[in-house]
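A.B. asks: Build me a model from this:
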Amino acid sequence: MIHVRGKDMLFIEAHGHVWQKLHGIRFNYQKLESVGYGMIKIGGEEYLFVPPEMKDNSCPIEVVQAYEKLFGFDKVVLLQTPCYGEQYEYINDILKRYPDQYVSVGIGTPEDEKLYKETAKKCLGEYGYKALKFESPDNPFDMLAPDKQFVFEEIMKYNAYFMIDLGWGDSSLDYPIDQMLEVAKRYPDMKIMLPHMGVSRLWDPKERDNLDSLKKTLSILELNQNVYFDCSGIPMLATRAGEEYPWPLMQDVLKTAKSMGAIDRVMWGSDMPTVLVACTYRQHIDCVVKYSDFLTDQELESLLGRTADKVWFGK
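C.D. replies: Predicted structure coming up:
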């Protein structure tokens, strides 16, 4: 529980990551190489990927559990992604040991229909994961192509979520929102999860005044009422746009979601550990709980945990 506004509220980390070792990974369309002490190498250039304290560039479950104790998380959503490489064996051991505390997702493989269906059967059927996750820049596919509709049809068979990161960049592979809106229209009963508020070019200073791309993303609810979002990683996006703590972008994103009737579809999450190169965990929490007077107690409670409990844990 987290104590906010004089009351205890359910607190769920709706977007965290753990892994034993980075492997089989792609990032920004290129292979990522782990250098150590938080550094990675992409295309010959080195970048800070996670805090330098993570000297072997791993993030074991014990790191998450330490933060759970520190900040009072009740439950955590452990997302897998092509960026880190699948961690099925490691994640499944965690879920087995803590069945009521963690959930996870599989990694979609849309490039190969046979492999995809095997992955869906394994992850959604056998492992009981809640979604298959896709990375628009790193494993892109034409979502409208007739020969790719198996991607959505298979997910619906398992009543799982189609989860897609729409991209953080400015390439032709990033932010395929028109395709996403058409998919939502084609499959109005499919459950959809858009992390990072669909990213929605929130890093772009040109968007700052009106957040028009975010509004376009949120309009998906006019086509499909089974869509949810998380506000993870926004400190990283705000920093790229030149902002500092408490990142007014976070508050404006939540205000926009509220004004469009979507605040009950938004979940708090951090995108740890990569977000920790831009802010502390405490700052990511505080930029919401200390600067959200525009939210009612009920809206804040839903944002911090109630919506995630319903969506991810079925409570």
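
A.B. asks: When you work out contacts or count neighbours from here on, use the C-alpha atoms and nothing else.
C.D. replies: Noted.

A.B. asks: Tell me how many other residues surround Asp93.
C.D. replies: As a burial measure, Asp93 scores 11 neighbours (other C-alpha atoms under 10 Å).

A.B. asks: Identify each buried residue in the strand or helix carrying it, please.
C.D. replies: For Asp93, the host element (DSSP states H and E) is helix 88-97. The neighbour-count check on helix 88-97 (16 or more other C-alpha atoms under 10 Å) flags Tyr88, Ile91, Asn92, Ile94, Leu95 as buried.

A.B. asks: distance of the nearest residue to the last one once chain neighbours are set aside from Ala120?
C.D. replies: Read it as Leu95. With sequence-adjacent residues excluded and distances taken as C-alpha to C-alpha, 6 or more residues apart in numbering, Leu95 is closest to Tyr102, at 6.1 Å. Tyr102 sits at a distance of 19 Å from Ala120 (criterion: C-alpha to C-alpha, to the nearest Å).

A.B. asks: Neighbour count: these two, which is higher?
C.D. replies: More neighbours surround Ala120 than the other of Tyr102 and Ala120, with 26 against 22 (other C-alpha under 10 Å).

A.B. asks: Provide the secondary structure category for that one.
C.D. replies: With DSSP: H, G, I helix; E, B strand; the rest coil as the basis, Ala120 sits in helix.

A.B. asks: Was I right to think it contacts Glu154?
C.D. replies: Yes - between Ala120 and Glu154 a contact is recorded at 7.2 Å, counting by C-alpha atoms under 8 Å.

A.B. asks: okay, now Trp168: neighbour count?
C.D. replies: For Trp168, the count of nearby residues is 21 (other C-alpha under 10 Å).

A.B. asks: Quick check: pLDDT value at the nearest residue to it once chain neighbours are set aside.
C.D. replies: Distance criterion C-alpha to C-alpha, 6+ apart; nearest residue to Trp168, sequence neighbours excluded, is Val199 at 6.3 Å. Looking at Val199, its pLDDT reads 95.

A.B. asks: when you give positions from now on, start the count at 41
C.D. replies: In the new numbering, first residue 41, that becomes Val239.

A.B. asks: could you measure Val239 against Gly112, distance?
C.D. replies: 27 Å.

A.B. asks: ok, back up a step: enumerate every residue touching the residue nearest to Leu135.
C.D. replies: Lys115, Val116, Val117, Leu118, Ile134, Leu135 (C-alpha atoms under 8 Å, 6 or more residues apart in numbering).

A.B. asks: Kindly recompute the last result at 10 Å.
C.D. replies: Under the criterion of C-alpha atoms under 10 Å, 6 or more residues apart in numbering, the neighbours of Tyr142 are 52-54, 114-119, 131, 134-136, 352-353.

A.B. asks: Show me where the stretch 241-355 of the chain has its helices.
C.D. replies: In the stretch 241-355 of the chain, the helices defined using DSSP state H, counting those that start in this stretch lie at 252-258, 274-280, 288-299, 321-329, 337-341, 347-353.

A.B. asks: Including mean neighbour count, distance to Ile232 and mean pLDDT, could those helices go into a markdown table?
C.D. replies: A markdown table is the format used below for the helices of the stretch 241-355 of the chain (neighbours: other C-alpha atoms under 10 Å; distance: least, C-alpha to C-alpha, whole Å; pLDDT from 0 to 100):
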| stretch | mean neighbour count | distance to Ile232 | mean pLDDT |
| --- | --- | --- | --- |
| helix 252-258 | 18 | 12 | 98 |
| helix 274-280 | 22 | 20 | 95 |
| helix 288-299 | 18 | 17 | 98 |
| helix 321-329 | 18 | 24 | 97 |
| helix 337-341 | 18 | 21 | 98 |
| helix 347-353 | 20 | 11 | 98 |
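
A.B. asks: closest one to Ile101 among those helices?
C.D. replies: helix 321-329 (15.8 Å; C-alpha to C-alpha).

A.B. asks: And the pLDDT for the residue nearest the centre of the chain?
C.D. replies: The centroid of the chain falls nearest to Pro235 when counting by C-alpha atoms, centre = their mean (3.5 Å). Looking at Pro235, its pLDDT stands at 98.

A.B. asks: Without its sequence neighbours, what residue ends up closest to it?
C.D. replies: Asp270 is the one closest to Pro235 (C-alpha to C-alpha, 6+ apart), at 4.9 Å.
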